[in-house]
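Novice: quick one, what's the 3D model for this:
(chains A and B)
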Amino acid sequence: MRTTLLLLLVAFLASIPFLGSSYLPTFFIILFMNLILASSYDIVGGYLGYVNLGHAVFFGLGAYTFGITWNAQAPLGVAFVCAVAAAVIFAALMAYPFFRLHGAYFSLGTFGLIRLFELLAFNFGSLTGGSGGLSVPSSYRLLPTFYTTLILALLTLAIVYKIAKSRLGLAFVSIREDEKVARDFGVPVLRYQTLALMLSASIAGLMGAVYTWYIIYINPEAVFGTEMALLPVAMAMLGGTGAIAGPVIGAVFISIVEEFLWTKLPYLHLAAYGLVIAGVGLFMPGGIVRVPFIEARLRWLGLVEDL
Amino acid sequence: MAARLGKEFMATVSLQLIIGGILQGGIYALAAFGLSLIFGVSNILNLAHGEFLMLGAMVSFLVYTGTELSPFVTALGLIPLFFAVGSLFERGLIRPLSGRPDHMRLVASILVTLGASIAIEDFASFAFGPNEKALAYTLPSFQVGPIIVSTIRLAGLAFILVLTLALHTFLKRTYQGRAIVATTQSRRGAMLVGVNIQRVANLSFGIGAILAALAGVFFVIMFPVTPYVGLPLTLKYLCIIVLGGLGSLFGTLLGGLVLGLVEILVAYYSPHWSETSAFIILVLILLIRPQGLFGRFSG
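Specialist: Got it, this is the predicted structure:
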C-alpha cells in the first residue's frame, strides 16, 4: 500500500514536464533543490545534532568548482566529480577543528565560515570572477535539470532513509543525545562526525554543481549569501529535523509560501516569510512533523522514525 | 578615509589609524558585549541583535533630519526606549522557548531570532526606504601638534568609555548586575541562591538592546546605514565574542579593539581584505583556541 502510494507519487512527479506548462518544471526544480539541500543538511543538523549554519559552503564550493573546471575545458562528468570532491575534501578538513565546538558555538563558527567564503569569493577575482560573477556556456537544460534534480532528490531521501534505519544512524543519534555517553560506549565519535559531514557535503556539493549548470551564472552573493546559508536550515527546522519527512515538508511548504507571497504581496513578502519562520519556532516545537495530527498520519505512512 | 590620511606623515598616519581603529573597535565591543551578555545569561544565540543596532541608527537618523538634535542627546533618549524594546523582545519571543530540551531550544531560538531579524529588516526597509542613510553631523576638529583630532571621534570615545565604566560598575556593584554575572557563571548555582533567572534574562535583553542601539548611533555618524546591515553585523559581533571569550566584559572589549584595529590597518593597505581579515581571525581562533582568546570554555 505504502509502496504503491510512493511509486504513484514518483510517477506523477516524473510526468510533470508533460502537463504542458513550462512554468511547472521551473518551480519543481527549485523545490527539488530546496529539498536536497534541506535533507542533506539534516544528516548533520538533525541526526548528528550539530546545527551547521555553514551548509551552503559545500553548495557554493560545488557550484564554483564546477564552473571553474568546466570553463577550463574539462569534460562535463569530470567537472561534476571535481565539484563533489572539493566539497567532500573540505568537509573532511574542517571536521576536526569545528567538531571541537559544541552547541551554539558550532553554529557560530560555521556561520562565520560561510561569510568568510563569500568574502574570499569576492577577493579571488582572477579565479571566481569576483563580484562580476562566473558564467558557464549555455544551452537548453530545463528538462535535463528537472530529471537530474528529481533523481538526486530521490537519491538523497534514499540515503537519509538508509542512514536512519542503520547502525550508523543510531550512532549519529547517540552522539546527538549525549556525546560523552556515546564515547564511553565505544562509538568513535569524531570518525562518525566526519563521516556525517562528508556525506552531507557530497550531496550539497553535487547540487551546487547542478545549480551552476542550470542557472549558467553565479556570484558570491547567490551561493554564499546569508539567505542561501539560512534557507536549508530554516526549511529543515520548519518541517522538523531528525525525521525523513521533516525537511521534505519544510521544503515544500517554503517553496509554495514563497511562490504564493511573491505573486500576492507586492511588499513585505520577506517580512511575512520571517514571521512564518519565527511562528514555527514559537508554536511548533520540533517542527511541522511533530504536530500530533500530522505525526499520526506520517507514522501510518512509515515516514516518521523513533530515533 | 585612507586616502585622506595618506597625505600625513607615516607616524601620524599610524596614530590616526590606531585612533580610528580604537573607536571602531569600541563601537563593535559595545554591541558585542550586549550579545555576549544575552548569550551568557540565557544561552540564546540572538541573531536579531544587529537589528537593534540598525533600529537605533535609523531612529537617530530620523530625529536628526527632523529636528537637528545632536545624536548624542538622542542617544540618551534611546536608553529607556530600547530597554523596553529588548525586554519586550525577550518576553514575547524568547521566554516561551524556556523549558524545552537544550537541542530543541537551540533550534527554536535560531528560527525565532532569525525570523524576527528577517521580518524587522523588511519592515524597516518598507518604513524607512531601502536606500543608504548617512547622518551629516560634524563637530569642528582641532589640531594637536601634527595630529588632527576629530572632536566627534573624541566624544564618541569618551561616551564609550563612560558607558563601559557604568556597565562595569553595574555588573560589579549592584544586586541585579551581580545576579547577571552569577547566572553567566552558573545557571544552576544562581538559581540555588535565589536569583530570579527569568528577570535576569529579561534584564540582559534590555541592556543588550540599549548597548546595540547606542552603538547604532555612533555607527550612523561614521558610516552610511541601510536596513540590511543587521545580519552581517551580528555575525561580526559573534566573531568578537569568540575572540574575547564568553561573558567577559574585558575580553569582549579587547576582542572588539583587536578586530577594529586589524580591520582599519588592513583597510589602509588593501580595502578588499579588511572584512575578510575579521573572519580569517575568527576561523584561526577557533582552530587554535576554541574557548576564545581570553575566556574559559563553557559549552
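Novice: CA atoms for contacts and neighbours, from now on please.
Specialist: Will do.
Novice: point out where the stretch 1-150 of chain B drops to low pLDDT.
Specialist: B:1-12 (pLDDT under 70).
Novice: in it, which spans are strands?
Specialist: Assigned by DSSP state E, counting those that start in this stretch, the stretch 1-150 of chain B shows strands spanning B:142-144, B:147-149.
Novice: just send those strands back as JSON lines, with distance to A:Leu199 and mean neighbour count too.
Specialist: Formatted as JSON lines, these follow (distance: least, Cα to Cα, whole Å; neighbours: other Cα atoms under 10 Å in any protein chain shown):
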{"stretch": "strand B:142-144", "distance to A:Leu199": "61", "mean neighbour count": "9"}
{"stretch": "strand B:147-149", "distance to A:Leu199": "56", "mean neighbour count": "15"}
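Novice: need those strands in JSON lines (columns: distance to A:Ala104).
Specialist: Output for these, formatted as JSON lines (distance: least, Cα to Cα, whole Å):
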{"stretch": "strand B:142-144", "distance to A:Ala104": "46"}
{"stretch": "strand B:147-149", "distance to A:Ala104": "41"}
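Novice: those: which one's closest to A:Tyr161?
Specialist: Set against A:Tyr161 and scored by Cα to Cα, the strands of the stretch 1-150 of chain B come closest in strand B:147-149, at 64.8 Å.
Novice: can you tell me what sits against that closest one?
Specialist: Residues outside strand B:147-149 that contact it (Cα atoms under 8 Å, 6 or more residues apart in numbering or on different chains) are B:12, B:16, B:141-143.
Novice: which elements pack onto whichever strand or helix holds A:Ala92?
Specialist: A:Ala92 belongs to helix A:76-98 when assigned by DSSP states H and E. Using 3 or more Cα pairs under 8 Å, 6 or more residues apart in numbering or on different chains; DSSP states H and E, the elements in contact with helix A:76-98 are helix A:55-71, helix A:103-123, helix A:189-215, helix B:273-288.
Novice: nearest residue to A:Ala204 other than its sequence neighbours?
Specialist: A:Phe59 (4.8 Å; Cα to Cα, 6 or more residues apart in numbering or on different chains).
Novice: so what's that neighbour up against?
Specialist: A:87, A:201, A:204-209, A:223.
Novice: which among the residues you listed gets closest to A:Thr148?
Specialist: A:Met207 (9.6 Å).
Novice: surely the closest one touches A:Gly62?
Specialist: Yes. Between A:Met207 and A:Gly62 there is a contact under Cα atoms under 8 Å: 7.4 Å.
Novice: higher neighbour count, the two?
Specialist: Remark: of A:Met207 and A:Gly62, A:Gly62 carries more neighbours, 35 against 29, as counted by other Cα atoms under 10 Å in any protein chain shown.
Novice: who are the contact partners of the more buried one?
Specialist: Here A:Gly62 is in contact with A:82-84, A:86-87, A:204-209 (Cα under 8 Å, 6+ apart).
Novice: swap in B:Ser125?
Specialist: B:226-228.
Novice: which one of the residues you listed is nearest chain A?
Specialist: B:Tyr228 (11.1 Å; Cα to the nearest Cα).
Novice: A helix includes that closest one, no?
Specialist: No. Secondary structure of B:Tyr228 (DSSP: H, G, I helix; E, B strand; the rest coil): coil, not part of a helix.
Novice: need the contact list for the residue most central in space within chain A.
Specialist: In chain A, the centroid-proximal residue (Cα atoms, centre = their mean) is A:Leu37; its distance is 1.2 Å. Listed by Cα under 8 Å, 6+ apart, the contact partners of A:Leu37 are A:203-204, A:207, A:232.
Novice: list, one by one, the residues from chain A near chain B.
Specialist: A:49, A:51, A:97-98, A:100-105, A:108-109, A:111-113, A:115-116, A:119-120, A:123, A:234, A:237, A:267-268, A:270-282, A:285-286 (Cα under 8 Å from any Cα of the partner chain).
Novice: take those and, keeping just the buried ones, write it as a ChimeraX select command.
Specialist: Filtering the residues of chain A next to chain B down to the buried ones (16 or more other Cα atoms under 10 Å in any protein chain shown) takes a single ChimeraX command:
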select /A:49,51,98,101,102,103,104,105,108,109,111,112,113,115,116,119,120,123,234,237,268,270,271,272,273,274,275,276,277,278,279,280,281,282,285,286
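Novice: and residue 163, how many neighbours?
Specialist: Just going to use chain A. 18.
Novice: hmm, I had chain B in mind actually
Specialist: By other Cα under 10 Å, 15 other residues sit near B:Leu163.
Novice: chain center to the helix or strand containing it: distance?
Specialist: Using DSSP H and E, B:Leu163 sits in helix B:151-173. Here helix B:151-173 is found 13 Å from its chain centre; the criterion is Cα atoms, centre = their mean, to the nearest Å.
Novice: list the buried residues of the very next helix or strand once past that helix.
Specialist: Once the chain leaves helix B:151-173, the next helix or strand it forms, by DSSP H and E, is helix B:175-185. Using 16+ other Cα under 10 Å as the test for burial, helix B:175-185 gives B:176-185.
Novice: CA atoms of the strand or helix carrying A:Leu298 as PDB?
Specialist: Secondary structure assigned from DSSP H and E places A:Leu298 in helix A:292-301. Output of helix A:292-301 as PDB, limited to C-alpha atoms (Å, rounded to 0.1, in the frame of the first residue of the first chain):
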ATOM      1  CA  PRO A 292       0.200  15.400  16.700                       C
ATOM      2  CA  PHE A 293      -2.300  15.200  13.900                       C
ATOM      3  CA  ILE A 294       0.300  15.300  11.200                       C
ATOM      4  CA  GLU A 295       2.600  13.000  13.100                       C
ATOM      5  CA  ALA A 296      -0.100  10.300  13.300                       C
ATOM      6  CA  ARG A 297      -0.700  10.400   9.500                       C
ATOM      7  CA  LEU A 298       3.000  10.300   8.700                       C
ATOM      8  CA  ARG A 299       3.500   7.400  11.100                       C
ATOM      9  CA  TRP A 300       0.900   5.500   9.200                       C
ATOM     10  CA  LEU A 301       2.900   6.100   6.000                       C
END
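Novice: buried stuff in it?
Specialist: A:295, A:298.
Novice: on the three-state scheme, A:Arg100 is what?
Specialist: Quick answer, by three-state DSSP: A:Arg100 is coil.
Novice: how about it, phi and psi?
Specialist: phi -80, psi -20 (degrees, to the nearest 10).
Novice: distance check, it against B:Phe83.
Specialist: 36 Å (Cα to Cα, to the nearest Å).
Novice: so where do the helices sit in the stretch 201-307 of chain A?
Specialist: A:220-224, A:226-239, A:245-264, A:269-283, A:292-301 (DSSP state H, counting those that start in this stretch).
Novice: nearest to A:Leu134, out of these?
Specialist: helix A:220-224 (9.1 Å).
Novice: what is the rounded mean pLDDT of that closest one?
Specialist: Averaged over helix A:220-224, pLDDT sits at 90.
Novice: repeat for stretch A:184-191
Specialist: 93.
Novice: who's in contact with it?
Specialist: Under Cα under 8 Å, 6+ apart, the answer for stretch A:184-191 is A:96, A:99, A:171, A:175, A:179, A:182-183.
Novice: could you export it as PDB, CA atoms only?
Specialist: Taking C-alpha atoms only, stretch A:184-191 is exported to PDB below (Å, rounded to 0.1, in the frame of the first residue of the first chain):
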ATOM      1  CA  ASP A 184      32.100   5.800  26.700                       C
ATOM      2  CA  PHE A 185      30.000   3.100  24.900                       C
ATOM      3  CA  GLY A 186      32.700   2.900  22.200                       C
ATOM      4  CA  VAL A 187      31.200   5.000  19.500                       C
ATOM      5  CA  PRO A 188      34.100   6.500  17.500                       C
ATOM      6  CA  VAL A 189      32.600  10.000  17.800                       C
ATOM      7  CA  LEU A 190      35.000  12.100  15.700                       C
ATOM      8  CA  ARG A 191      35.000   9.500  12.900                       C
END
